[in-house]
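Peer 1: My questions concern the predicted model and sequence given below.
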Amino acid sequence: MWGIIPAAGNGTRIQPLAFSKELLPVGSRIDADGCERPKAVSEYLVERMVAGGATRICFVISPTKSDMLRYYGGGVGGVCTAFVVQPAAGGLCDAIFRAAPLIAPDEPVLVGLPDTVWFPADGLAQLPDDELGFLLFPVDKPELFDAVVLDGDDRVQEIQVKQAGARSNWVWGAFKMPGRVFHELHQLWQKPDRRDEYIGTLVNAWLDLGNSARGVRAGTSYVDVGTLGGYRSAIGLLASD
């Protein structure tokens, strides 16, 4: 199983930094030698992907992010790593589909955001293997995220992308799908009238074609570390865990 981590963004909301935002120290870890060391925020997502079954991790990076290659190039969490390049900023869809040549149609795929910290750590393991599934988290301000509207059977009706007055306070924090669904979404995104920036608008179009997706309300806490306020919240969340 592949885990795809889009890590090509500039992190303008939390700059200036002297390194990639995905390497921002948040909390700490104890190494095998017993020493406590700072922990990069993206390590939390890597751990969660491994807990969710990922055996390989693909980082999508920009041409300037050589520090990501240095940090993760030797492998991480007992799994192998691969790197693909997004030549210029083009949104989340453009980033994750850079990994398309690596993904087999019969292989599940996990996707998450490397500047987030969330619980439970095993949340990805609760997503289905045979369909597109979103791991959902309750938040106070869904208009800042992608709110997921579900029907009574937890089927996704609509994803409202950073929409004022969102009809749901459950937002997606990560998602999983079979490789064939990944390639269906990629093919739809490649149509001349699409090229969506956000995964939510692309999934809405895919649903309109008669497809279906599931929302799993298993998340308990979710923090976007891409702002100073989010950084402080993440420190508090980890301290209370």
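Peer 2: Sure, I can see it.
Peer 1: drop to CA atoms for contacts and neighbour counts, all remaining ones
Peer 2: Fine.
Peer 1: Run a quick check on Gly123 versus Val50, I expect a contact.
Peer 2: No - look at Gly123 against Val50 with CA atoms under 8 Å: they stay out of range, at 11.1 Å.
Peer 1: Identify the residues contacting Ala100.
Peer 2: By CA atoms under 8 Å, 6 or more residues apart in numbering, the contact list for Ala100 reads Phe182, His183, His186.
Peer 1: my read: Phe83 touches Arg56, true?
Peer 2: No - the criterion here is CA under 8 Å, and Phe83 misses it with Arg56 at 10.9 Å.
Peer 1: Now do the lowest-mean-pLDDT helix or strand in the chain: which elements does it pack against?
Peer 2: Scoring the helices and strands of the chain by mean pLDDT, DSSP states H and E places helix 228-240 at the bottom, with a mean of 84. With contacts taken as 3 or more CA pairs under 8 Å, 6 or more residues apart in numbering; DSSP states H and E, helix 228-240 sits against strand 25-30, strand 221-224.
Peer 1: What's the first helix or strand after the strand or helix carrying Leu135?
Peer 2: In this assignment (DSSP states H and E), Leu135 forms part of strand 132-138. Next in sequence after strand 132-138, counting helices and strands by DSSP H and E, comes strand 146-150.
Peer 1: thinking again about what came up before, is there a quick PyMOL command that grabs whichever of the contacts of Ala100 are buried?
Peer 2: In PyMOL, a selection of the buried entries from those looks like this (16 or more other CA atoms under 10 Å):
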select buried, resi 182+183+186
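Peer 1: Which of the contacts of Ala100 fall within helices?
Peer 2: Judged by DSSP state H, the subset of the contacts of Ala100 located in helices is Phe182, His183, His186.
Peer 1: Secondary structure element holding the nearest residue to Gly73 once chain neighbours are set aside?
Peer 2: Excluding its sequence neighbours, the residue lying closest to Gly73 (CA to CA, 6 or more residues apart in numbering) is Thr81, at 6.5 Å. Element membership for Thr81 (DSSP H and E) is strand 80-85.
Peer 1: for that strand, packing partners?
Peer 2: Checked by 3+ CA pairs under 8 Å, 6+ apart, strand 80-85 has strand 56-61 packed alongside it.
Peer 1: Partner strands of the strand it packs on and their direction?
Peer 2: strand 2-6 (parallel), strand 80-85 (parallel) (DSSP bridges).
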